[in-house]
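Enquirer: pasted the sequence and its predicted model underneath.
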Amino acid sequence: MSQFFQIHPDNPQPRLIKQAVEIIRKGGVVVYPTDSSYAIGCSMGNKAGIERIRRLRQLDDKHNFTLACRDLSQLGLFAKVDTAAFRLLKAHLPGPYTIILTATREVPRMLLHPKRRTIGLRVPALPIAQALLEELGEPLMSVSLILPGEDLPMSDPYEMRDALEHQVDLIIDGGYGGLEASTVVSLVDDQPEVVRVGCGDPEPFMA
């Protein structure tokens, strides 16, 4: 049976954030809000948690997982960022973008695209996500909360509780979530490429 925390979207209660991070550190799988849609995540090295998320979402091994990072300096530990890419990211993050970059050796192999050694990274702007990442001190391995057979992410925390209470360890209710996933931009080659248009404005990344 999962826990259900109601956390204030603008002023997250530190006590609940600490309890949520304890659950994550103990190997828990958590549903949490971001500035695009709700996501489902676990700690980066949690192999069992990653397998649970794969099964829940019915993902194959080619699906790019995303590392939600606290800030750009943390992002830089897990991806190779050149000067031009850094300037672009500094101007638009935190925000509702997933950036695909070449991974560094810090990223566990099981999170990488099997052929390309790339990783998706986010720096979400939402206070709840920021507070979780700050307390955790490392990235959260995440994917959008889109159930098999659905096109849109789940947005109602009470529906999430009904659907997922036996499949996850914690659901964070931060109010209704967005219905669009993040905009995905590849910065692997020198030219930025918009891979998916979501709720982040793709214009700044278009050549």
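Expert: It's in.

Enquirer: low-scoring stretches of the chain, by residue?
Expert: Along the chain, the parts satisfying pLDDT under 70 run over 207.

Enquirer: what about the strands in it?
Expert: Here the chain has its strands, by DSSP state E, at 3-6, 30-33, 38-43, 66-68, 97-102, 118-122, 140-144, 170-173, 183-186, 193-196.

Enquirer: which residues does the residue sitting nearest the centre point of the chain bridge with?
Expert: Computing the C-alpha centroid of the chain and ranking residues by Cα atoms, centre = their mean puts S142 first, at 3.8 Å. Note on S142: beta-bridge partners by DSSP bridges are G41, T66.

Enquirer: could I get the strands of the chain as JSON lines with distance to L152?
Expert: To be clear about C-beta, it is placed using only N, CA and C from the backbone, and glycine gets the same treatment. Converted to JSON lines, those look like this (distance: least, Cβ to Cβ, whole Å):
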{"stretch": "strand 3-6", "distance to L152": "22"}
{"stretch": "strand 30-33", "distance to L152": "15"}
{"stretch": "strand 38-43", "distance to L152": "11"}
{"stretch": "strand 66-68", "distance to L152": "18"}
{"stretch": "strand 97-102", "distance to L152": "17"}
{"stretch": "strand 118-122", "distance to L152": "19"}
{"stretch": "strand 140-144", "distance to L152": "10"}
{"stretch": "strand 170-173", "distance to L152": "18"}
{"stretch": "strand 183-186", "distance to L152": "16"}
{"stretch": "strand 193-196", "distance to L152": "14"}
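
Enquirer: what about stretch 109-126, start to end distance?
Expert: Using Cα to Cα, to the nearest Å, the end-to-end distance of stretch 109-126 comes to 28 Å.

Enquirer: please begin residue numbering at 19 from this point
Expert: Let's use 19 as the start, then, which means that last one is stretch 127-144.

Enquirer: what's the burial count for the nearest residue to V39 once chain neighbours are set aside?
Expert: Leaving out its chain neighbours, the residue that sits closest to V39 by Cβ to Cβ, 6 or more residues apart in numbering is E153, at 4.5 Å. Other residues within reach of E153, judged by other Cβ atoms under 10 Å, total 18.

Enquirer: who touches E153 in this structure?
Expert: By Cβ atoms under 8 Å, 6 or more residues apart in numbering, the contact set of E153 is 35-36, 38-39.

Enquirer: PyMOL command for the buried members of those?
Expert: Of the contacts of E153, the buried ones go into a single PyMOL selection, burial set by 16 or more other Cβ atoms under 10 Å:
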select buried, resi 35+38+39
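
Enquirer: and the two most separated of the contacts of E153?
Expert: Largest separation among those by Cβ to Cβ: K36 and A38, giving 7.3 Å.

Enquirer: for I164, what are its contacts?
Expert: 55, 75, 170-172, 199.
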